[in-house]
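K.L.:
coords please:
(2 chains)
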Protein chains: 2
Amino acid sequence: MNTFSHVPPGFRFHPTDEELVDYYLRKKIASKRIDLDVIKDVDLYRIEPWDLQGTKTKEQNEWYFFSHKDKKYPTGTRTNRATKAGFWKATGRDKAIYCRHSLVGMRKTLVFYKGRAPNGQKSDWIMHEYRLETNENGAPQNTSFHR
Amino acid sequence: MNTFSHVPPGFRFHPTDEELVDYYLRKKIASKRIDLDVIKDVDLYRIEPWDLQGTKTKEQNEWYFFSHKDKKYPTGTRTNRATKAGFWKATGRDKAIYCRHSLVGMRKTLVFYKGRAPNGQKSDWIMHEYRLETNENGAPQNTSFHR
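P.N.:
Okay, here's the model as predicted:
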């Protein structure tokens, strides 16, 4: 297989949930080579959502990133989703992602609030956080990515 | 540059009018190599629109083709856009396509009617026919393509 440095004119990155989880996230977690380096690494809790825009290409209003989850406390399991200016808060239910009738991952939707909980001010920034479902007890992986 | 036999997962062919005319149609007319053979040749006046569907990939409701214009009479300039079952009829005005402020092509919109003019029955099949604008008198090329 070729290594792609770009795609031909007219092609846009509009992945399905299944492609994001079962191809891109699965390869990333396994440290396997991804054909085209289209999803960048970013630490989403050290960057404000409006600063992510610098990485966008024209006419794009969605961005895709890989990011590590940050624990709230070193020994705990809770996730720290705060930035300097605000925090990401989950909304709704997680959506199951299937590939040929098997569960391959989950998608969590989060909204960005400015300020500090419980007094944050809701913004119109939305993130979808994808995680892989593994066979062992369905435990979520630490790596996820976002748009 | 590589020859692409496919694009990585997650990429969809959603070209702009400018890319269709200034890259794909321009290369086709000049018989230059196109990176990825994503637009097939078809004789649109020997095939009914519903028979084009056989060539589609899943979740797609647009198709792209290269096709030669067929003259109504061997010596004339009028275009024959009839198939066995009906005909394509232009609607509205042609749209100018610009690339960095220069006119590079035109887009004509056509609707498919079943039957024979002037008694055809309008269908919901739409075609956009692109043609290159050349510098010499702005004469349209004989080759165009469709979606």
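K.L.:
Wait, a helix at A:Leu52?
P.N.:
Yes: looking at A:Leu52 with DSSP: H, G, I helix; E, B strand; the rest coil, it is inside a helix.
K.L.:
Quick check: pLDDT value at it.
P.N.:
pLDDT for A:Leu52: 79.
K.L.:
Apart from its neighbours in sequence, what residue is nearest it?
P.N.:
In this structure, A:Leu52 finds its nearest non-sequential neighbour in A:Trp63, 5.7 Å apart by C-beta to C-beta, 6 or more residues apart in numbering or on different chains. For the C-beta atoms, the positions are set from N, CA and C on the backbone; glycine is no exception.
K.L.:
Can you pull the phi/psi pair for that neighbour?
P.N.:
Dihedral angles of A:Trp63 (phi, psi; degrees, to the nearest 10) stand at phi -130, psi 150.
K.L.:
what does chain A put close to chain B?
P.N.:
Proximity of chain A to chain B, by C-beta under 8 Å from any C-beta of the partner chain, involves residues A:2, A:4-5, A:7-16, A:19-20, A:23-24, A:34-36, A:38.
K.L.:
quick one: which of those sit in helices?
P.N.:
Applying DSSP state H to the residues of chain A next to chain B, the entries found in helices are A:Glu19.
K.L.:
Now, of the residues of chain A next to chain B, which are buried?
P.N.:
A:4, A:7-11, A:13, A:15, A:19-20, A:23-24, A:34-36, A:38 (16 or more other C-beta atoms under 10 Å in any protein chain shown).
K.L.:
Tally up the residues packed near the closest residue to A:Gln121 other than its chain neighbours, please.
P.N.:
Of all residues not flanking A:Gln121 in the chain, A:Lys114 sits nearest, at 4.7 Å (C-beta to C-beta, 6+ apart). Number of residues near A:Lys114 (other C-beta atoms under 10 Å in any protein chain shown) recorded here: 16.
K.L.:
Return the distance of A:Lys114 relative to A:Thr83.
P.N.:
10 Å (C-beta to C-beta, to the nearest Å).
K.L.:
picking that back up, okay, and which of the residues of chain A next to chain B map to strands?
P.N.:
Assigned to strands by DSSP state E, the following of the residues of chain A next to chain B qualify: A:Phe11, A:Arg12, A:Phe13.
K.L.:
Tell me who's in contact with A:Gly120.
P.N.:
Contacts were defined as C-beta atoms under 8 Å, 6 or more residues apart in numbering or on different chains; by that measure A:Gly120 touches A:Gly86, A:Phe87, A:Lys89, A:Tyr113, A:Lys114.
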